[in-house]
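Chemist: quick one: sequence and predicted model below, then my questions.
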Amino acid sequence: MSEYQAAPRTVVEACFDPQGTASLAYVYDLAAAAGLADQPVRLAIRRLEAAGVLRQEGRGRKGRLLLTDAGRLRSDTDVRLVRLAYAQDAGLAPWDGLWRLHTFSVPEQRRPERDALRTALTRLGAAPLAPGAYLSPHDLLAELVGETSESTVGSYLVTAEATRLTGPGFTDPASVAERLWPAADTLAAYRPLAEALAAEPVGTDHGSTALVASALGLADAFSRALEHDPLLPPELRPAPWPPARLRHAFRERWAAIRRQAPDLSLFRSFDPPGAEKA
């Protein structure tokens with residue numbers, strides 16, 4: 001079993017094919033290979049179903065999981081965020097120098113829509129400036145529509161752009177970034193990935209079970225790091241920026257794992273851009 005054990009949710013999400021379907025037999029087999037019992041996997045499935053990410057058809061190993069429209073949109077957003085990270089690392093997505101302010105005031109009777117906006121803005125890396133006001137260096141409008149709805153965004157969200165932002169404790173872009181998105185928090189989120197990458201790679205002589213467990217642990221560490229990374233443009237971070245180096249190392253390790261088992265579907269689920277060519 002891998003030292004860096006994947007979370008049950010990661011195992012479930014790794015099992016979906018390009019059509020958004022996952023066999024429960026495959027889910028439980030993959031979980032077993034990663035050293036997970038059935039019960040926490042079932043709990044993860046119920047939580048994802050309650051969150052509207054997937055639905056289950058049938059029971060036991062003969063059943064299957066289907067991504068909902070919301071689950072597909074979330075998956076598409078995840079892919080875009082990964083691509084943004086690697087584009088920024090490669091210098092292909094320079095910052096345009098604009099700060100985006102997103103504000104909203106939603107009546108109490110529409111509280112679910114208010115909560116959805118807050119959740120979406122936080123997930124997309126925006127930072128709160130004040131109640132109902134969030135800041136980002138990225139244009140998040142399209143992602144916010146996908147994460148909430150066109151109706152919610154059109155009814156309640158007000159956006160503005162600015163080239164200059166000052167406030168208590170920050171007077172320039174770098175200090176704004178450090179005040180609202182402290183570098184230490186992001187670096188801490190990447191520590192498990194650094195530890196996973198520092199572990200000895202699993203060779204083919206260890207068998208497919210060990211390879212799957214190692215790959216899932218690595219994918220889980222990568223996913224968790226990105227979940228806590230606001231993906232600020234490199235212009236707003238100190239150079240060199242350790243997460244960029246770790247993402248590069250992950251891409252190389254992932255490509256090496258794929259060469260050992262190119263037909264295993266879970267690897268395609270976590271491919272960063274260019275992994276198949278690295």
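Modeler: That came through fine. Computed from a predicted structure; not experimentally measured. Residues are numbered from 1 along each chain as shown.

Chemist: use CA for all of it now, contacts and neighbours both
Modeler: Noted.

Chemist: how far does the strand or helix carrying R259 sit from the chain's center?
Modeler: Per DSSP states H and E, R259 falls inside helix 242-260. Per CA atoms, centre = their mean, to the nearest Å, the displacement of helix 242-260 from the mean C-alpha position of its chain is 16 Å.

Chemist: how about the CA coordinates for it, as CSV?
Modeler: C-alpha atoms of helix 242-260 as CSV (Å, rounded to 0.1, in the frame of the first residue of the first chain):
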residue,chain,number,x,y,z
PRO,A,242,8.2,26.2,-5.5
PRO,A,243,4.7,25.0,-6.6
ALA,A,244,5.7,25.5,-10.3
ARG,A,245,8.7,23.3,-9.8
LEU,A,246,6.5,20.6,-8.0
ARG,A,247,3.9,20.7,-10.8
HIS,A,248,6.7,20.1,-13.3
ALA,A,249,8.0,17.2,-11.2
PHE,A,250,4.5,15.8,-10.9
ARG,A,251,4.0,15.9,-14.7
GLU,A,252,7.3,14.0,-15.3
ARG,A,253,6.5,11.4,-12.6
TRP,A,254,3.0,10.9,-14.0
ALA,A,255,4.2,10.5,-17.5
ALA,A,256,6.6,7.8,-16.3
ILE,A,257,3.8,6.0,-14.5
ARG,A,258,1.6,6.1,-17.6
ARG,A,259,4.4,4.5,-19.6
GLN,A,260,4.3,1.6,-17.2
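
Chemist: same for it, what does it pack against?
Modeler: The contact analysis (3 or more CA pairs under 8 Å, 6 or more residues apart in numbering; DSSP states H and E) places helix 242-260 against helix 69-89, helix 191-198, helix 208-227.

Chemist: quick one: which of those is nearest A239?
Modeler: Minimum separation from A239 across the helices and strands packed on helix 242-260 (CA to CA) falls at helix 69-89, 11.2 Å.

Chemist: and the contacts of the closest one?
Modeler: 20, 52-54, 93-94, 143, 146-147, 226, 231, 233-234, 244, 247, 272-273 (CA atoms under 8 Å, 6 or more residues apart in numbering).

Chemist: again, only using 6 Å
Modeler: If you take CA atoms under 6 Å, 6 or more residues apart in numbering as the criterion, helix 69-89 is touched by V53, A93, A244.

Chemist: and the next helix or strand past that helix?
Modeler: Once the chain leaves helix 69-89, the next helix or strand it forms, by DSSP H and E, is strand 99-104.

Chemist: quick one: strands adjacent to that next one?
Modeler: Sheet pairing here is set by DSSP bridges, and for strand 99-104 it gives strand 133-136 (antiparallel), strand 157-162 (antiparallel).

Chemist: quick one: which of the contacts of helix 69-89 has the most company?
Modeler: Neighbour counts for the contacts of helix 69-89, by other CA atoms under 10 Å, peak at V53, which reaches 20 neighbours.

Chemist: the closest residue in space to that one that isn't next to it in sequence: how many residues sit nearby?
Modeler: Among residues not flanking V53 along the chain, G71 sits closest, at 4.0 Å (CA to CA, 6 or more residues apart in numbering). Using other CA under 10 Å, G71 is surrounded by 21 other residues.

Chemist: ditto for T148
Modeler: T148 has 20 neighbours, counted by other CA under 10 Å.

Chemist: what's it sitting at in phi/psi?
Modeler: phi -110, psi -100 (degrees, to the nearest 10).

Chemist: who touches it in this structure?
Modeler: Here T148 is in contact with no residues (criterion: CA under 6 Å, 6+ apart).

Chemist: quick check: it vs L121, distance?
Modeler: For T148, the distance to L121 equals 10 Å [CA to CA, to the nearest Å].

Chemist: A225 now?
Modeler: 17 Å.
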